[in-house]
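1. no sequence for this one, just the structure:
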């Protein structure tokens with residue numbers, strides 16, 4: 001089983017959206033038995049909360065329902081997941097700062113947009129302080145990037 005974790009700052013906008021999109025793609029491909037998918041935030045601002053209402057509304061307009069609850073990223077996630085995908089450079093640095101060589105099974109840490117063919121390695125902008133267009137732009141970015149992520153992980157899974 002491939003264990004995938006999406007990480008942003010508060011775990012209420014970008015990472016739960018990436019989690020929901022990736023779960024949808026995995027389910028549509030009939031691959032649910034091969035993946036464990038979750039999301040987390042580097043901060044503790046929104047533990048236990050549903051995704052931001054604007055994120056949920058945008059997702060629903062695009063045919064996706066989000067119901068995950070916010071949680072904070074922890075050192076244990078390095079052992080509990082195979083790949084950790086951060087939404088921006090700040091989250092990447094925060095996650096990497098917790099990495100330790102004492103953990104035997106360290107997850108691969110990547111930027112989410114490493115899988116965006118249009119802007120590889122770019123940040124997924126935080127739509128929290130923006131308008132509706134920002135939420136749709138983030139949805140479109142993550143929709144494309146999660147599609148490529150699934151291709152990458154499936155190729156890796158089938159090659160092993």
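-> Alright, I've got the coordinates. Just so it is clear, the model here is predicted, and its values are computed rather than measured.
2. what about the residue lying closest to residue 48 once chain neighbours are set aside, how many residues close to it?
-> Closest residue in space to residue 48, ignoring its immediate chain neighbours: residue 69 at 5.4 Å, by CB to CB, 6 or more residues apart in numbering. Quick note: C-beta positions are derived from backbone N, CA and C, even for glycine. For residue 69, the tally of surrounding residues (other CB atoms under 10 Å) stands at 14.
3. before we move on, what about the one 4 residues further on?
-> Using other CB under 10 Å, residue 73 has 24 other residues around it.
4. next one: residue 53
-> With other CB under 10 Å as criterion, residue 53 counts 9.
5. re the thing from before, my guess is the residue nearest to residue 48 contacts residue 50, does it?
-> Yes: Residue 69 lies in contact with residue 50 (CB atoms under 8 Å); the separation is 6.5 Å.
6. end-to-end on stretch 29-40?
-> 24 Å (CA to CA, to the nearest Å).
7. Name the residues that touch that stretch?
-> Outside stretch 29-40, the residues that touch it by CB atoms under 8 Å, 6 or more residues apart in numbering are 1-8, 11, 15-16, 18-19, 22-23, 26, 68, 71-74, 77, 81, 150, 153-154, 157.
8. do the same with stretch 132-149
-> Here stretch 132-149 has contacts from 4, 13-14, 17-18, 21-22, 25, 54-55, 57-59, 62, 85, 112-113, 115-118, 124-125, 127, using CB under 8 Å, 6+ apart.
9. make it 7 Å
-> Stretch 132-149 has contacts (CB atoms under 7 Å, 6 or more residues apart in numbering) with 14, 17-18, 21-22, 25, 54-55, 58-59, 62, 112-113, 115-117, 124-125, 127.
10. circling back to that earlier point, report the buried members of the contacts of stretch 29-40.
-> Buried subset of these (neighbour count, 16 or more other CB atoms under 10 Å): 2-8, 11, 15-16, 18-19, 22-23, 26, 68, 71-73, 77, 81, 150, 153-154.
11. Now do the SS call for the residue nearest to residue 48.
-> Using DSSP: H, G, I helix; E, B strand; the rest coil, the structure places residue 69 in coil.
12. ditto for residue 38
-> strand.
13. beta partners for it?
-> Applying DSSP bridges to residue 38 gives these bridge partners: residue 5.
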